[in-house]
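1. need the 3D shape of this:
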Amino acid sequence: MNSIALIIFVGVVDIVNGDIVMAEIDLVDDVVMLPTASFPCEIKEGDSFYLVRRADVTEIVCGEPPTQEN
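-> Presented below is the predicted three-dimensional model:
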């Protein structure tokens, strides 16, 4: 069965400071702080990520979100 995925927001990492990531989110006018353990990849300043919601699961995905052509 196919499920629909919804991209909730896109972010860019500003700073990685120990176990904390400070990032800019496209829907927020402030910097958010997330634990590095939330990311499924090794991240660094300038990296992009996005949040996806599928069924009852929300996950962080590293990289740029897919475009309509993908």
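2. which residues in the protein form strands?
-> 5-17, 20-25, 31-35, 48-54, 57-62 (DSSP state E).
3. of those, which is nearest Cys41?
-> Nearest to Cys41 among those is strand 57-62; the distance by Cβ to Cβ comes to 3.9 Å. No exception for glycine: its C-beta is placed from N, CA and C like everyone else's.
4. hang on, the earlier thing: with distance to Glu42 as extra columns, can I get the strands of the chain in JSON lines?
-> Below are these laid out as JSON lines (distance: least, Cβ to Cβ, whole Å):
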{"stretch": "strand 5-17", "distance to Glu42": "9"}
{"stretch": "strand 20-25", "distance to Glu42": "11"}
{"stretch": "strand 31-35", "distance to Glu42": "14"}
{"stretch": "strand 48-54", "distance to Glu42": "12"}
{"stretch": "strand 57-62", "distance to Glu42": "9"}
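5. CSV for the ones you listed, including distance to Cys41 and mean pLDDT?
-> Below are these laid out as CSV (distance: least, Cβ to Cβ, whole Å; pLDDT from 0 to 100):
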stretch, distance to Cys41, mean pLDDT
strand 5-17, 11, 90
strand 20-25, 12, 95
strand 31-35, 13, 92
strand 48-54, 8, 90
strand 57-62, 4, 91
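6. relative to Val21, how far out is the nearest residue to Glu64 once chain neighbours are set aside?
-> In space, not counting the residues next to it along the chain, Glu64 is nearest to Ser48; the distance is 5.1 Å by Cβ to Cβ, 6 or more residues apart in numbering. Distance from Ser48 to Val21, counting by Cβ to Cβ, to the nearest Å: 12 Å.
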